[in-house]
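Engineer: Here you go, sequence then predicted model.
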Amino acid sequence: MKDLTSSLPPAPDTNELPLDVETAERATNGALALRLGTTTRQEIDEWTAQLRGRIVLFAEEALGQERTTATRAARWEVDQLLASTPGDGVLVFNAYQHLRDLARLLRWLVAEYRKKTEAVTSPLPARPSPDALADSNGHCLPEHEAVPPKDRT
């Protein structure tokens with residue numbers, strides 16, 4: 001019987017990959033731009049290994065240590081997708097679909113990471129002073145021409 005674990009790509013070394021949003025987005029877009037008829041299995045496996053490493057990095061940062069239902073479900077999805085990497089005996093189409101699933105997951109994780117970092121790093125918007133809202137006459141609302149009331153007859 002053939003050992004399926006030996007055909008899996010090596011575990012990604014997350015120390016080599018920077019936590020860079022732009023690079024992750026380029027990798028995601030590059031993987032999604034691949035076409036099945038013009039891409040070799042070796043290219044698919046290389047892209048898969050690259051995306052797997054980035055998913056591990058962004059999952060840790062984007063999901064954090066929270067124990068909500070949403071984060072548990074997201075962690076489960078990440079774990080299941082990473083564990084189901086196709087081996088050598090799998091059809092190219094299945095490996096291609098797996099690569100696309102990884103790319104879509106990474107795109108979501110990057111978006112979650114951005115939301116989390118923007119919420120932490122961006123200051124609250126400053127409330128404008130009442131003087132800034134008032135016009136030169138001291139009115140807060142723009143002046144309108146008086147409209148005579150309609151006759152109700």
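Structural biologist: It's in.

Engineer: What segments of this protein are strands?
Structural biologist: With DSSP state E as the definition, the chain shows no strands.

Engineer: Identify each buried residue in the longest helix along it, please.
Structural biologist: As assigned by DSSP state H, the longest helix anywhere in the chain is helix 92-121. For helix 92-121, burial by neighbour count (16 or more other C-beta atoms under 10 Å) applies to 95-96, 98-100, 102-103, 105-110, 112-113. Quick note: C-beta positions are derived from backbone N, CA and C, even for glycine.

Engineer: which other helices and strands contact that helix?
Structural biologist: Applying 3 or more C-beta pairs under 8 Å, 6 or more residues apart in numbering; DSSP states H and E, we find helix 92-121 packed against helix 21-33, helix 41-63, helix 69-83.

Engineer: Packing partners of the second one?
Structural biologist: Going back to what we said before, that points to helix 41-63. Counting contacts by 3+ C-beta pairs under 8 Å, 6+ apart, helix 41-63 packs against helix 21-33, helix 69-83, helix 92-121.

Engineer: Quick check: which of the helices and strands packed on helix 92-121 is buried the most?
Structural biologist: Greatest average neighbour count among those goes to helix 41-63 (a mean of 19), per mean count of other C-beta atoms under 10 Å.

Engineer: what's the angle between it and helix 69-83?
Structural biologist: Relative orientation of helix 41-63 and helix 69-83, computed by axes from the mean of the first three to the mean of the last three C-alpha atoms, to 10 degrees: 160 degrees.

Engineer: contacts for helix 41-63?
Structural biologist: 9-10, 12-14, 16-17, 19, 24, 27-28, 30-31, 34, 71, 74-75, 78, 81-82, 85, 92, 95-96, 98-99, 102-103, 105-106, 109-110, 112-113, 116 (C-beta atoms under 8 Å, 6 or more residues apart in numbering).

Engineer: on that earlier part again, can you give me the mean pLDDT across the longest helix of the chain?
Structural biologist: Model confidence over helix 92-121, given as mean pLDDT, is 90.

Engineer: Serialize the helices and strands packed on helix 41-63 to JSON lines and add fields for distance to residue 62.
Structural biologist: Output for these, formatted as JSON lines (distance: least, C-beta to C-beta, whole Å):
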{"stretch": "helix 21-33", "distance to residue 62": "11"}
{"stretch": "helix 69-83", "distance to residue 62": "8"}
{"stretch": "helix 92-121", "distance to residue 62": "4"}
